[in-house]
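# Quick one, what's the 3D model for this:
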Amino acid sequence: MMDIAEKFQKLGVVPVVVLEDTKDAVPLAKALVEGGLPCAEVTFRTEVAEESIRLMTEQFPEMLVGAGTVLTREQVDAAVAAGAKFIVSPGFDPEIVDYCLEKEIPVFPGCVTPSEVAQAVKRGLKVVKFFPAEPAGGVAMIKAMAAPYVGIKFMPTGGINAKNLEDYLSFDKIICCGGSWMVKGELVKNGEFDKIRELTAEARKLVDSIRK
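From the prediction side, this is the model:
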């Protein structure tokens with residue numbers, strides 16, 4: 001069976017979603033699936049994240065839905081109980097990482113320094129998030145960090161869009177990028193799911209053209 005990292009690699013882009021209302025969860029999931037990116041990192045920044053994950057996974061079992069911005073063990077439990085297949089944390093929190101590893105839950109912690117990557121390596125992790133990507137030095141920083149840590153690959157998120165996606169995906173140590181340009185808050189809030197599907201399809205096409 002293909003593991004989570006392989007699925008990320010295949011997708012190229014993981015839509016990072018912030019939902020304010022559970023009524024938007026299913027139409028958003030539908031737009032992402034139809035647009036060719038059946039995946040979502042639902043951030044735990046809002047109170048409806050848990051229920052949104054549940055709705056998405058129930059209605060679209062083929063989707064790879066995970067929880068982002070996870071800051072506590074309680075959030076890990078809530079997300080997994082709702083159907084989340086992976087956990088993403090903005091920074092490297094040893095407590096969260098160890099808890100997920102203990103429970104065999106795929107976890108992708110944020111790492112922006114060699115020291116954090118070293119902690120990930122020590123725990124046997126093969127893929128880490130790099131956040132916030134652009135402010136933290138972008139592709140150049142990832143290349144510099146990847147040099148000594150040959151076994152680690154990265155999922156950069158933060159400031160990535162259709163214009164700079166190729167810069168990131170062209171580096172072989174980057175398996176995919178997290179992005180919210182196709183699922184902007186305003187589009188979700190205004191119910192512009194056709195537009196989201198269109199932008200998602202464009203992102204899918206862009207990934208395919210970069211990796212052809």
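
# so where's this structure uncertain?
1-2 (pLDDT under 70).

# now the helices for it?
Here the chain has its helices, by DSSP state H, at 4-11, 25-35, 49-59, 73-82, 94-102, 114-122, 138-146, 165-169, 185-189, 193-210.

# would you list these in TSV and tack on distance to residue 129?
The C-beta positions use only the backbone N, C-alpha and C, and glycine is treated the same way. Shown next, in TSV, are the helices of the chain (distance: least, Cβ to Cβ, whole Å):
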stretch	distance to residue 129
helix 4-11	11
helix 25-35	20
helix 49-59	17
helix 73-82	15
helix 94-102	11
helix 114-122	10
helix 138-146	11
helix 165-169	13
helix 185-189	21
helix 193-210	18
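
# With respect to residue 130, which of the ones you listed lies nearest?
Closest of the helices of the chain to residue 130 is helix 138-146, at 5.7 Å (criterion: Cβ to Cβ).

# that older thread, so which of the helices of the chain comes closest to residue 154?
helix 138-146 (5.3 Å).

# Just the CA atoms of stretch 152-169, as PDB, please.
Written as PDB, here are the backbone C-alpha positions of stretch 152-169 (Å, rounded to 0.1, in the frame of the first residue of the first chain):
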ATOM      1  CA  ILE A 152      15.300  13.700   4.800                       C
ATOM      2  CA  LYS A 153      12.700  15.200   2.400                       C
ATOM      3  CA  PHE A 154      10.700  18.300   2.800                       C
ATOM      4  CA  MET A 155       7.100  19.600   2.400                       C
ATOM      5  CA  PRO A 156       7.400  23.400   2.300                       C
ATOM      6  CA  THR A 157       4.400  25.500   3.200                       C
ATOM      7  CA  GLY A 158       4.000  29.300   3.500                       C
ATOM      8  CA  GLY A 159       4.100  31.800   0.700                       C
ATOM      9  CA  ILE A 160       4.000  29.200  -2.000                       C
ATOM     10  CA  ASN A 161       1.700  29.800  -5.000                       C
ATOM     11  CA  ALA A 162       1.400  29.100  -8.700                       C
ATOM     12  CA  LYS A 163       4.200  31.500  -9.500                       C
ATOM     13  CA  ASN A 164       6.900  29.900  -7.400                       C
ATOM     14  CA  LEU A 165       5.700  26.300  -7.300                       C
ATOM     15  CA  GLU A 166       8.100  25.200 -10.000                       C
ATOM     16  CA  ASP A 167      11.100  26.600  -8.000                       C
ATOM     17  CA  TYR A 168      10.200  24.200  -5.200                       C
ATOM     18  CA  LEU A 169       9.100  21.100  -7.000                       C
END
